[in-house]
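Enquirer: I'd like to go over a predicted model; first the sequence, then the structure.
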Amino acid sequence: MSNVTVVGTQWGDEGKGKVIDWLATRADIAVRFQGGNNAGHTIAVGDKTYKTALLPSGVVQGKLSIIGNGVVVDPWALLDEMERARSVGLSVTPENLVISEAATVVLPLHRELDLAREARAGDKKIGTTGRGIGPAYEDKAGRRAIRYADLADPSALQDRVERLLAHHNPLRADLGLPTLTPNEVLSPLLEIYPKFAAHIRPVVWRMINEAIASGQRVLFEGAQAAMLDVDHGTYPYTTSSNTVAGQVSAGAGVASTTMGRVLGIVKAYTTRVGSGPFPTELLDETGERLTRGAAGGLGAEYGTNTGRKRRCGWFDAVLVRQAVELSGVTGMVLTKLDVLDGFTTLKICTGYLLDGVKIDYLPARLSDALRLEPIYEECDGWSENTQGIREWDKLPAAAQRYVRRIEKLVGASLYLLGTSPQRDDTIVLRDPFRD
């Protein structure tokens, strides 16, 4: 297959950054199709570590990288990320970074609204990153958002801002935030616009479709994960966009038949940031051990962007199988296997009990999802060090059995297996672009 779509299958933080970077070395174009700078990717190459949130991972290899119309883009955050990338020797030019003019602008007022709402919610907060992503998507759905195409026409932009503030100022007043004048929104936008105007392009969807038609390999990269999808995730503890593979069509402007192989990224255990249901969460020393990561602190469970500690638990096969079905996952990438080195026994959740009744899905009703009891099967652990192993046959037999059991339970074949944050510490069983 010439194209590959990458999606997370849990609650994010599955290690998509490393996988996408590995795939980007083999792709011609990388396309980001949803989300914003509320989720980060960490890419380790040799002794260098790159952290991205908005930039598609193809930038690390100098490949053509496209931010699609489905992304909500904070221009100040993007400019900062571009400058940081250049400071470590990466090339970021209008030739290799393109922004769809139909992408939505994330404004400071979105961030302020996000933070104020979370503060008011107190213990009942969603646990957002406070980056304004949700409020920006709200404005997009309400047809009052500012898009990158609007920035080139100051007079039309004035009208857009006035309409936006007619909605936001009453909200701000209710939350104790000062109301804004149109100029307070316009001036910063007009000041920053020239710094990235050359990257903004029309009909980006056609650029992508023409590349596909010419036989180029396109990598579609998602952010967050299936269980954070606003429709299919643990609502309302989700992100504000669709994160399943089907969003590629809307967020990049391509036919669903062109998304190619759908690779589901799966962590060898389960983590979650923020509030919400988590049936296999471990609140004991085992959970703390998973948080600490592998030997030497590699893979410690703290957010790339926020530094927030992640909640940790045993592998949940029910959750991942649901994501596999929702996204049409045709191949699996298992990450962070090395974090499990040294465990004598491992557990895999194979079902849930809801009020004593066995079920094989994550229910949509929040009150049900919060009281699920996991049904576990036990697997033998291994004492050997798997960190950095690059060949399947060199893995301990118990590790191989654990991986094969996961394959069977989730219904997806293994393509790649990660054994450290390094790009090349990857066991390749099948090439996603070929097999």
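Expert: Great, that's in hand. Residues are numbered from 1 along each chain as shown.

Enquirer: just for the stretch 201-350 of the chain, where's the confidence low?
Expert: For the stretch 201-350 of the chain, the stretches flagged by pLDDT under 70 are 294-299, 303-306.

Enquirer: strands of that one, start to end?
Expert: 218-221, 261-267, 270-272, 311-313, 315-316, 331-335, 345-354 (DSSP state E, counting those that start in this stretch).

Enquirer: so which of those strands is the most packed in?
Expert: Ranked by mean neighbour count, those are led by strand 218-221 with a mean of 29 (mean count of other CB atoms under 10 Å). Every residue, glycine included, has its C-beta placed from N, CA and C.

Enquirer: outside of it, which residues touch it?
Expert: 2-6, 16, 20, 23-24, 27-33, 56-58, 208, 211-212, 248, 252, 258-260 (CB atoms under 8 Å, 6 or more residues apart in numbering).

Enquirer: confirm Ile375 sits in a strand?
Expert: Yes. When DSSP: H, G, I helix; E, B strand; the rest coil is applied, Ile375 is found to be in a strand.

Enquirer: quick check: beta-bridge partners of it?
Expert: Beta-bridge partners recorded for Ile375 (DSSP bridges): Gly351.

Enquirer: how far away is it from Gln322?
Expert: 15 Å (CB to CB, to the nearest Å).

Enquirer: likewise for Gly356?
Expert: Taken as CB to CB, the span from Gly356 to Gln322 is 21 Å.

Enquirer: more neighbours, these two?
Expert: When Gly356 and Gln322 are compared for neighbours, Gln322 comes out ahead with 19 against 6, by other CB atoms under 10 Å.

Enquirer: residues in contact with the more buried one?
Expert: Ala226, Met227, Tyr361, Leu362.

Enquirer: which one of those residues is nearest Gly342?
Expert: Nearest to Gly342 among those is Met227, at 27.8 Å by CB to CB.

Enquirer: surely the closest one meets Leu326?
Expert: No. The pair Met227 / Leu326 is not scored as a contact, 9.1 Å apart, by CB atoms under 8 Å.

Enquirer: for the stretch 301-435 of the chain, what spans make up the helices?
Expert: Secondary structure of the stretch 301-435 of the chain (DSSP state H, counting those that start in this stretch): helices at 317-327, 366-369, 397-410.

Enquirer: now those helices as a markdown table including distance to Ile67?
Expert: Formatted as a markdown table, those follow (distance: least, CB to CB, whole Å):
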| stretch | distance to Ile67 |
| --- | --- |
| helix 317-327 | 21 |
| helix 366-369 | 33 |
| helix 397-410 | 31 |
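
Enquirer: Tyr235 is nearest to which of the ones you listed?
Expert: Of these, nearest to Tyr235 by CB to CB is helix 366-369, at 7.2 Å.

Enquirer: give me the contacts around the closest one.
Expert: Thr234, Tyr235, Pro236, Tyr237, Pro277, Pro279, Leu354, Leu362, Pro363.

Enquirer: only the buried subset of those, as a PyMOL command please.
Expert: Buried residues among the contacts of helix 366-369 (16 or more other CB atoms under 10 Å), as a PyMOL selection:
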select buried, resi 234+237+277+279+362+363
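
Enquirer: find the pair from the contacts of helix 366-369 with maximum spatial separation.
Expert: Within the contacts of helix 366-369, two members stand farthest from each other by CB to CB: Pro236 and Leu354, at 19.5 Å.

Enquirer: hmm, Phe33 and Ser241 touching each other?
Expert: No. At 9.5 Å, Ser241 does not count as touching Phe33 under the criterion of CB under 8 Å.

Enquirer: which one's more surrounded, the two?
Expert: Between Ser241 and Phe33, counting by other CB under 10 Å, Phe33 is the more crowded of the two (32 against 28).
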